[in-house]
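Participant: Dropping a prediction and its sequence here:
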Amino acid sequence: MAYDKFTTLTSSAVPLPIENVDTDQIIPARFLKATTRDGFGDNLFRDWRYNGDDTPKEDFVLNNPIYTGKILVGGKNFGSGSSREHAAWAVYDYGFRCVVSSFFADIFKNNCLNIGVLPVQISPEFSNEIFEAIYADPNTQLEINLEAQTITLLSSGTQESFDINGYKKGNMLNGFDDIDYLQNMKSEIETFTDTRPF
Amino acid sequence: MSKSLFDKVWDSHVVRSIEDGPDVLYIDRHLIHEVTSPVAFVGLKSRGLSVLYPKRTFAVADHNTPTINQHLPVEDPLSANQLKTLENNANEYGISHWGLGHKNNGIVHVVGPENGITLPGATIVCGDSHTSTHGAFGAIAFGIGTSEVEMVLTTQCIMQPKPKKMRISINGPLSKGVTPKDVGLYIISQLTTSGATGYFVEYAGDVFENMTMEGRMTVCNLSIEMGARGGMIAPDEKTFEYIKGRAMTPKGADWDKAMAYWETLKTDDDAVFDKELTFDAKNIEPMITYGTNPGMGMGISKNIPSAESVEGGKATYDKSLAYMGYAENEQMIGKKIDYVFIGSCTNGRIEDFRAFASIVKGRKKADNVTAWLVPGSHIVEAKIKEEGLLDIFEEAGFVLREPGCSACLAMNDDKVPAGKYAVSTSNRNFEGRQGPGSRTLLASPLVAAAAAVTGVVTDPRELL
């Protein structure tokens, strides 16, 4: 499905400075039994967020009301493991529109781009600076400008540019998705199919 | 211009290259299962789209299926609904469906090769990261998200930037007790779980040339665990011998035509890779993991590394060891375990059960161990019976279950309880992967068998 347009986003951010956060943590497998895309945000980080008896774990960041916002800042190698798009859906459904990390796993990054969550890859140094700023002031604002491909820590003015290919950037700015593009290639694809050996 | 195996297959599937964007990549074979496909069909319906080439998609139920009493209705209503949804979608769009109870049913990455769906030089995708398994045949095979499943259903294409290329070469004889699983876990332990992110890997060298097709599948399966989208091995006589005559492979003149193409699928001598890594086979011993990602593995005779000696932050490392209930510098040998799982798309094939049998034969399952023996497919299950392995297992006190993904991701009832330790031949030891609070030690079928009969982590070389 096509998704919301993404242009600029200024928000406080939720810090999760753990490395190698895998998609089994983002959404455990036992919550993948749905046949629609609804409600995955309730189980985002389920086993880090809740005890076995469904009471909240007080030391987990999503249960700490001082940290809010539409940006999730994760540690290095965020989203490794399973290809489940449910992980990206859970991030989106919870209310995040952007994930910031010094390194993303490939499939998760791709899944985010395909549903309208912007993955922003920054340097490890900038990542550390952002974590420190958020811990010093939970209301610290980050500004993400997709057109300019920049992310700015407003309190210090530190800014970095981030990579995104021109095609995907256009999609996100306009709220298009890949199916919109591929649908216009049908005859080219059918011609190509005739050349396949099997 | 010189090309690698990967270049040759990729480039021949590009329908269109978008400037400053991805390639539109044609997909020859699309595998779907019950967990990651339903929302793709919802998407198709909401847009009023159809499936462009239903014969190029194959539906298999595996993630959510019980491994006992498969002839009875599935008890969990959510699982039953997902399985029924897959069946209904397949029927509605004219897609082949191997559901629960079908003679060809099993784990999608086991049944693909068994039935000749998997072919050299093909592009193969599935909404499952272990699709990399099929790279063993010289195919470009990788996992995709549900949005991409929808794209493939309706256009037979996905949009992907071409990954960078890495070659991993390993030469020399493998030592006693070292299996393809150990080779894979060794590579991941050297690269970490993100060491190959952004790359597609080609495995080269005599270690892989000498491996059976099933061994190659195990290695390629684990490619995703070092972050690579996929891994592949050039097809050779062994590959062609394996696929010849299988139900869905080309026959007659079509076979000859395909062979002419397949024989070109080698990396040119002067092809250049973005990254080249070389390891020595003699440095690999039977492996076991001690932490909460597959990169946290070590030779079974070694001690758990100290935080200073591993890459990454100490806080993350400490969190991982605390979850496992282990400490730095402890030895793994002798650690008590509670569960053993042999199965999964990594190690659920007949050679894996033969290896398991080679150790449990004439011994008895340890009393403190609950063991789940789960074949990768009904075809594997039948071979286990034909070859007399079932008798060996039963005499040793083991029970054989029915095929499925089972305790690899514990979507069904095969869940390891909180705090318990499982030696598992699967592919991921993430927190809670095998059930909330479960603790997983990844290892080969030989290490799993040694643990199953002794009740503790045991060097399998002592029992061979």
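Facilitator: Noted; the coordinates are in hand.

Participant: backbone phi and psi for the residue of the stretch 251-400 of chain B found nearest chain A, please?
Facilitator: As assessed by CB to the nearest CB, chain A sits closest to B:Thr316 within the stretch 251-400 of chain B, at 4.3 Å. Bear in mind the C-beta positions are built from the backbone N, C-alpha and C, glycine included. According to degrees, to the nearest 10, the main-chain angles of B:Thr316 amount to phi -70, psi -40.

Participant: and if you look at B:Phe353?
Facilitator: For B:Phe353, the backbone dihedrals are phi -70, psi -30 (criterion: degrees, to the nearest 10).

Participant: correct me, but it touches B:Val380?
Facilitator: Yes: between B:Phe353 and B:Val380 there is a contact at 7.1 Å, judged by CB atoms under 8 Å.

Participant: Same drill for the two, tell me which one is more crowded.
Facilitator: Neighbour count, other CB atoms under 10 Å in any protein chain shown: between B:Phe353 and B:Val380, B:Phe353 has more, with 29 against 23.

Participant: how near is the residue lying closest to A:Asn63 once chain neighbours are set aside to B:Glu462?
Facilitator: Nearest residue to A:Asn63, sequence neighbours excluded (CB to CB, 6 or more residues apart in numbering or on different chains): A:Pro56, at 4.4 Å. Going from A:Pro56 to B:Glu462 by CB to CB, to the nearest Å gives 47 Å.

Participant: Just give the closest residue to the residue of chain A found nearest chain B, not the sequence neighbours.
Facilitator: Nearest residue of chain A to chain B: A:Tyr167, at 2.7 Å (CB to the nearest CB). Nearest-residue entry for A:Tyr167: B:Gly21, 2.7 Å, with adjacent residues in sequence omitted and distances by CB to CB, 6+ apart.

Participant: Then A:Tyr67?
Facilitator: The shortest distance from A:Tyr67 to any residue that is not its chain neighbour, by CB to CB, 6+ apart, is 4.8 Å, and that residue is A:Val14.

Participant: With B:Ala80 instead?
Facilitator: By the measure of CB to CB, 6+ apart, the closest residue to B:Ala80 outside its immediate chain neighbours is B:Val74, 4.1 Å from it.

Participant: so who does residue 107 touch?
Facilitator: No chain specified, so I'll use chain A. Shown in contact with A:Ile107 (CB atoms under 8 Å, 6 or more residues apart in numbering or on different chains): A:79, A:83, B:129, B:143-145, B:229.

Participant: actually it's chain B I care about, not the one you picked
Facilitator: Applying CB under 8 Å, 6+ apart, the residues contacting B:Ile107 are B:60, B:62, B:344-345, B:348, B:376-377, B:403-405.

Participant: Most neighbours among those, please name it.
Facilitator: For the contacts of B:Ile107, the largest number of neighbours (other CB under 10 Å) sits with B:Cys405, at 33 neighbours.

Participant: B:Gly99 reaches B:Asn105, doesn't it?
Facilitator: Yes: with contact defined as CB under 8 Å, B:Gly99 reaches B:Asn105; the gap is 6.5 Å.

Participant: Need the overlap of contacts for these two.
Facilitator: With CB under 8 Å, 6+ apart as the test, B:Gly99 and B:Asn105 both reach B:Ala61.

Participant: thinking again about what came up before, and the gap between the residue of the stretch 251-400 of chain B closest to chain A and A:Asn20?
Facilitator: For B:Thr316, the distance to A:Asn20 equals 7 Å [CB to CB].

Participant: Quickly list what's touching both of the two.
Facilitator: Between them, B:Thr316 and A:Asn20 share the contacting residues A:Gly75, judged by CB under 8 Å, 6+ apart.

Participant: Tell me which of the two has more neighbours.
Facilitator: When B:Thr316 and A:Asn20 are compared for neighbours, A:Asn20 comes out ahead with 28 against 21, by other CB under 10 Å.

Participant: Now do the contacts for the more buried one.
Facilitator: By CB under 8 Å, 6+ apart, the contact set of A:Asn20 is A:75-77, A:80, B:193-194, B:293, B:295, B:312, B:316.

Participant: Any part of the longest strand belonging to chain B near chain A?
Facilitator: Criterion DSSP state E: the longest strand present in chain B is strand B:164-171. No: contact of strand B:164-171 with chain A is not found when judged by CB under 8 Å from any CB of the partner chain; the minimum separation is 11.0 Å.

Participant: Tell me the helix or strand right after that strand.
Facilitator: Per DSSP states H and E, the first helix or strand lying C-terminal to strand B:164-171 is helix B:180-191.

Participant: From the rest of the structure, what touches that next one?
Facilitator: With contact meaning CB under 8 Å, 6+ apart, helix B:180-191 is reached by B:168, B:170, B:174, B:195, B:207, B:211, B:214-216, B:218-219, B:221-222, B:225-227, B:277, B:279, B:281, B:283-289, B:294-298, B:346-347, B:425, B:442-445.

Participant: Tell me which entries of the residues you listed lie within strands.
Facilitator: With strands identified by DSSP E, the entries of the contacts of helix B:180-191 that belong to them are B:168, B:170, B:277, B:279, B:287-289, B:297-298, B:442.

Participant: Take those residues and write them to TSV, including neighbour count and pLDDT.
Facilitator: TSV is the format used below for the ones in strands among the contacts of helix B:180-191 (neighbours: other CB atoms under 10 Å in any protein chain shown; pLDDT from 0 to 100):
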residue	neighbour count	pLDDT
B:Ile168	28	98
B:Ile170	22	98
B:Leu277	16	98
B:Phe279	18	98
B:Met287	25	98
B:Ile288	26	98
B:Thr289	24	98
B:Gly297	25	98
B:Met298	19	98
B:Leu442	32	98
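
Participant: quick check, nearest of those residues to B:Ala80?
Facilitator: Using CB to CB, B:Leu442 comes nearest to B:Ala80 of those, at 30.6 Å.

Participant: residues in the stretch 251-400 of chain B within reach of chain A, list them.
Facilitator: B:254, B:257-258, B:261, B:293, B:295, B:312-313, B:315-316, B:319.

Participant: Can you list phi and psi of the residue in chain B that chain A sits nearest to for me?
Facilitator: Minimum separation of chain B from chain A (CB to the nearest CB) falls at B:Gly21, amounting to 2.7 Å. The main-chain torsion angles of B:Gly21 are listed as degrees, to the nearest 10 and equal phi -160, psi -170.

Participant: My guess is it contacts A:Asn171. True?
Facilitator: No: if you go by CB under 8 Å, B:Gly21 and A:Asn171 don't touch, sitting 9.2 Å apart.

Participant: who's more crowded, the two?
Facilitator: The neighbour count for B:Gly21 versus A:Asn171, taken as other CB under 10 Å, is higher for A:Asn171 (25 against 18).

Participant: Just the strands from chain A, written as ranges.
Facilitator: Under the criterion DSSP E, strands of chain A are mapped to A:8-11, A:13-16, A:71-74, A:98-101, A:118-121, A:142-145, A:150-153, A:158-161.

Participant: Spatially central residue in chain A, please.
Facilitator: Geometric centre of chain A, nearest residue: A:Val99, 3.9 Å, by CA atoms, centre = their mean.

Participant: do you know how far that one is from B:Gly106?
Facilitator: 35 Å.

Participant: what domains does the record give for chain B?
Facilitator: The record, using automatic domain parsing to delimit domains, assigns chain B the ranges B:5-161, B:164-235+B:266-283, B:289-462.
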